[in-house]
Each structure stands twice: as structure tokens, then as C-alpha cells.
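> only geometry, no sequence info:
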């Protein structure tokens, strides 16, 4: 084991369970709020979970951030997408100019947006550069990256969360941008869930039937050629993954390490979450699932990491759009939790749990 891998596993070993005492206190607070018990359903559970993650029943998520990890994938050369790699850099720049869906959503949700170049094929002047390499290799022909590159990408995700924690961010959403990343996500998902490629692969940004068939064939060939080991998530990342997926896996691990709730976006983010949970199962309790992706494997991935989505909107845009869409709802839940009168303050009797 290399020293970098040993350091990564040492960090992962520091992750602790969420604080059950704080969760109990948050639940007690909800039970004092002057409304029928449990009537806000998942919104109550989300606040309770956040209390456990942050180790305090005084829940506050007013400082929010969206981390968009941007990377290119060499497998695009095999005709698995509608567009070329040049689109990745263009969209990454657009995040900073209110020229993308998620940038507008972040403005409306009071969320700071942080596009990060973790592996784009070109450099851009304004996107924060944490580049591991100029895109992955073409996994149809050779492994997507080295094991050390996979480790470095995961470490980068962890490090970014640590920096945001130090800057006072209280909740983070995951996003990604990279042409070809539904191909890599489908490959990772097929291996880790031991499912046929065709069962977990969708049309991505809008492939034709012939395009989808080509995409499935490319993934099947890559898996057969490189034989990624499902018992070793880092091996799977290196063989058929992407730098964005690896970095996002690090973001989820970083949330668990630094006690910050991480809101998962859709298919690609959840594939990364599965990598993180396979590396450290305790990470699952630090993740909130925002929505049910329209991609075929979206629901399967959520079930595998034990999550149910808050939103069902048939979204498949990516970029963190589903995760940011959840923030206003979480804000409302937290404001009720913080501000609503108790039964005694409202002047009527407390609800009693039914037998």
C-alpha cells in the first residue's frame, strides 16, 4: 500500500457515527412544537439527522454551498455522447455568470456556487483549479486513471470540504459537470451492484437508440477488459471511473469527517456516494438524498445506500440542480423547528403518541 493510500485510509478511520444524543434532543424539540406529532414527515427527520451530523440540536444551515466537480472523460472518443469535451469547460465557466440552470437556482436558494476543475481537458481562467490530470484516459482502451490518481481525487474532495468547514459552511450540495460522466457512472454502478450494464445505463443527455447501444457496448467492453474489483472501490474508480466521481466520493467522506451534512444530487452524485459508503459505511448517515434521478439506476443506488429522496421531479440535469432544489424546503423545516411556538406557549395540551 502506498503512503498516499495509507493516509487516505487513516482519514477514513477517523470518521465517527452521528451523535444519537443530539438527534434525540432534536426529536424532543419537534415533539414540543405545536403541531400534530410527526406531521412534517421527512422534513422533521432531516432536521433530526442534521442535528446528529453536526452534533448539536441547535440546527442552523443558513450558510450553504454547492460544490460542482468538473472533469472530462477520455471515453467520449468512443461516441457515447451527443457533444464533445469542449462543452465541459464552457458550462463550468457559465456557472459563474448566472448562465446555467443551477447558477440561477443557487441565487434563489441563497447558496454559494463553487465550480472546481478536478480534471477538465483544458484550463479555464476563473474555475478553481484542483486538476488531477487533463481528463481521464479512454476506458474502452485502457484504465481510466492510475490508482494514485484515484486516491488523489478522493483526497481532493475531502480537502475541499475541510476548507469549506473552516470557512463556516453548514451544509453542502454535490454537483458535477463532465461530458461522458453518465457513461462512467453506469460502469461504476454496474460493477458495484453486480448488475448487467444495460440495466443501469440510460440515454444521459439524450442519446438515440443507436447511441445508447454503443454506450452499453463500450461499458461492457471496458469492464470485461479491465476487470474492476467490486470489493475494492478505489480499483473500480481507477479502472472505469472519472475524476468527478472520485472527487465527489471524497466530498461525501469529508462531510462525515468534518460533520457537515452533504446533500446528494442525482445519478452521478449517488454513484459517488456509493463509493464513499463502500469505503466507510458510517458515511451514509451524513448524506441526504435530494431527488430521484430519471436515470435507470437512480432508485437502485438510493436503495443500496439506504436513502429515500425528498423530491420526485423526473430531473436528470445534474450539476447539483436537484440538490439545490431541496434547500428551500430544508430552510422552511429548520425555521419551523427554530421559531414555532411550543404547545405550552400556544396555550393548549400536548399531543400524546398513540399506542
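Received, thanks. Values in this document were obtained by computation on a predicted structure and should not be read as measured data. Residues are numbered from 1 along each chain as shown.

> Checking residue 30 next. Helix, strand or coil?
Classification of residue 30 by DSSP: H, G, I helix; E, B strand; the rest coil places it in helix.

> Same question for residue 323.
Once three-state DSSP is applied, residue 323 turns out helix.

> Over to the one 3 residues further on?
The three-state label given to residue 326 by three-state DSSP is helix.

> Which pLDDT does the model give it?
Looking at residue 326, its pLDDT reads 98.

> got the contact list for it?
Shown in contact with residue 326 (Cβ atoms under 8 Å, 6 or more residues apart in numbering): 173, 263, 288, 290, 291, 310, 311. The C-beta positions use only the backbone N, C-alpha and C, and glycine is treated the same way.

> just the residues you listed now: which is nearest residue 324?
Looking at the contacts of residue 326 and their distance to residue 324, the nearest is residue 173, at 5.6 Å (Cβ to Cβ).

> Just say helix, strand or coil for the closest one.
strand.

> Give me the distance between the residue nearest to it when sequence neighbours are not counted and residue 26.
Among residues not flanking residue 173 along the chain, residue 323 sits closest, at 3.6 Å (Cβ to Cβ, 6 or more residues apart in numbering). Look at residue 323 and residue 26: by Cβ to Cβ, to the nearest Å, they are 22 Å apart.

> Of those two, which one has the most company?
Taking neighbours as other Cβ atoms under 10 Å, residue 323 and residue 26 compare with residue 323 leading, 31 against 24.

> residue contacts, the nearest residue to residue 76 once chain neighbours are set aside?
Of all residues not flanking residue 76 in the chain, residue 180 sits nearest, at 4.2 Å (Cβ to Cβ, 6+ apart). Residue 180 sits next to 72, 73, 75, 76, 80, 81, 85, 242 when contact means Cβ under 8 Å, 6+ apart.

> Please repeat the previous calculation with a cut-off of 6 Å.
Listed by Cβ atoms under 6 Å, 6 or more residues apart in numbering, the contact partners of residue 180 are 73, 75, 76, 81.

> before we move on, what about residue 70?
By Cβ under 6 Å, 6+ apart, the neighbours of residue 70 are 92, 115, 117, 120, 177.

> so can I have JSON lines of those residues showing distance to residue 221, neighbour count and secondary structure?
Listed next are the contacts of residue 70 as JSON lines, based on distance: Cβ to Cβ, whole Å; neighbours: other Cβ atoms under 10 Å; DSSP: H, G, I helix; E, B strand; the rest coil:
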{"residue": "92", "distance to residue 221": "29", "neighbour count": "26", "secondary structure": "helix"}
{"residue": "115", "distance to residue 221": "32", "neighbour count": "29", "secondary structure": "strand"}
{"residue": "117", "distance to residue 221": "29", "neighbour count": "27", "secondary structure": "strand"}
{"residue": "120", "distance to residue 221": "25", "neighbour count": "26", "secondary structure": "coil"}
{"residue": "177", "distance to residue 221": "26", "neighbour count": "30", "secondary structure": "strand"}
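
> nearest to residue 303, of those?
Using Cβ to Cβ, the contacts of residue 70 come closest to residue 303 at residue 177, 26.2 Å.

> my guess is the closest one contacts residue 91, does it?
Yes. The criterion here is Cβ atoms under 6 Å, and residue 177 meets it with residue 91 at 5.3 Å.
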